[in-house]
Every structure is written in structure tokens, then in C-alpha cells.
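In: Build me a structure from this.
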Amino acid sequence: MEVVAAVSFLAVLLALVSPAFANDPDMLQDVCVADSTSGVKLNGFACKDAASITPEDFFFAGISKPGMTNNTMKSLVTGANVEKIPGLNTLGVSMGRIDFGPGGLNPPHTHPRATEMVFVLYGELDVGFLTTSNKLISKHIKTGETFVFPRGLVHFQKNNGDKPAAFTSMELTFSNAPK
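Out: Predicted structure coming up:
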């Protein structure tokens, strides 16, 4: 009888204990500025020596001006990612600017590990994504409005108007999120 009580007590105790994760979601260092000269690339680029970090490692002016949209898609994506801003290395975030000429398209694509949020700088766009149950979620958005594309879902943006349009995008990557 005592064995049954002990086993029952142990079973209840184990059921109440929450699962433990064997990872630390917090960064182990303040920054890991990308060293693009290193041949090592594992979970990002190798880190630059901390003594050689400069403010330029955290700066990029490339999305401040409209991009040329005189191409087949009538759009241009200008990324502000680790290749342009080495200080973004291992932070799981990037930004971009997408410019659209009249009729411009950012064709259907996906970000397997990132959620994307867009903010319309000027103009109007038709945006949307396809759920895993094949449902189209779409909206017409205008200057000052935002729209979110959930992680891993196919999405697009199109300028159906006769004037240029542009938005900035922010992508947050979930590489080590607990399951």
C-alpha cells in the first residue's frame, strides 16, 4: 500500500512540474558585429573583435532614397540586413525599403523563419498572404498604414495605381524560439 501511495505521489508531482528548456533565449554578449572577412558562418557570421567595433557597423543610409523601378517587375527591394549593417549579426531583425512604379509588383515569396511588417511611406498598395488552409487574406493599404505577413506564409505586394508607392518593412526572425 505504501508503494502505491508513493508511486501515486510521484506521478502527481511529475505532472505538476513544468517542462524545462535547455537553451537560454537571451544573447550571451552585447553585440556580435559581423566579420565578413572571416570564412566562418554558423548561426550568423563570426564576430568582429570588440575593440574594432565602430558606429558605422550599426549604420546604413541606403533606404533613405527611392530606388529605381525601371525593371520587369517595376519594383526594387533595398535591404538593410547584416550584409549592409554588420551590427545586425545574430539579432534576428532586418529592415528594407520596397519601391513600386505604377503597376509594380513584389512577387509572391516567403520568409520561412521571419514575420514581416510593412509601413506605407507613400502611395497605395494591394497586399496579401495565403494561409496554410489556402485562404487569401488581402487588403488595400495606404500612406501611414501597416500590414503584417505571418512567418512562413506566401505573401505579395502590388501597386495597382498609376502613381509610385513605397513602404518600409521590418522582419523579425524566430530562429531559436521555444517550441
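In: make it CA atoms for all contacts and neighbour counts henceforth
Out: Noted.
In: Doesn't Glu83 belong to a strand?
Out: No. Under DSSP: H, G, I helix; E, B strand; the rest coil, Glu83 falls outside any strand and is assigned coil.
In: Give me the neighbour count for it.
Out: Other residues near Glu83 come to 14 when the count uses other Cα atoms under 10 Å.
In: can you tell me how far it sits from Val77?
Out: With distances defined as Cα to Cα, to the nearest Å, the gap from Glu83 to Val77 amounts to 14 Å.
In: Okay, and the beta partners of Asp126?
Out: According to DSSP bridges, the residues that bridge with Asp126 are His140, Lys158.
In: all strands for the chain, in order.
Out: Along the chain, the segments classed as strands by DSSP state E run 75-80, 93-100, 105-109, 114-122, 124-130, 136-142, 146-149, 155-158, 165-173.
In: Which one of these lies nearest to Asp57?
Out: With respect to Asp57, and counting by Cα to Cα, the nearest of those is strand 75-80 at 12.1 Å.
In: elements contacting that closest one?
Out: With contacts taken as 3 or more Cα pairs under 8 Å, 6 or more residues apart in numbering; DSSP states H and E, strand 75-80 sits against strand 93-100.
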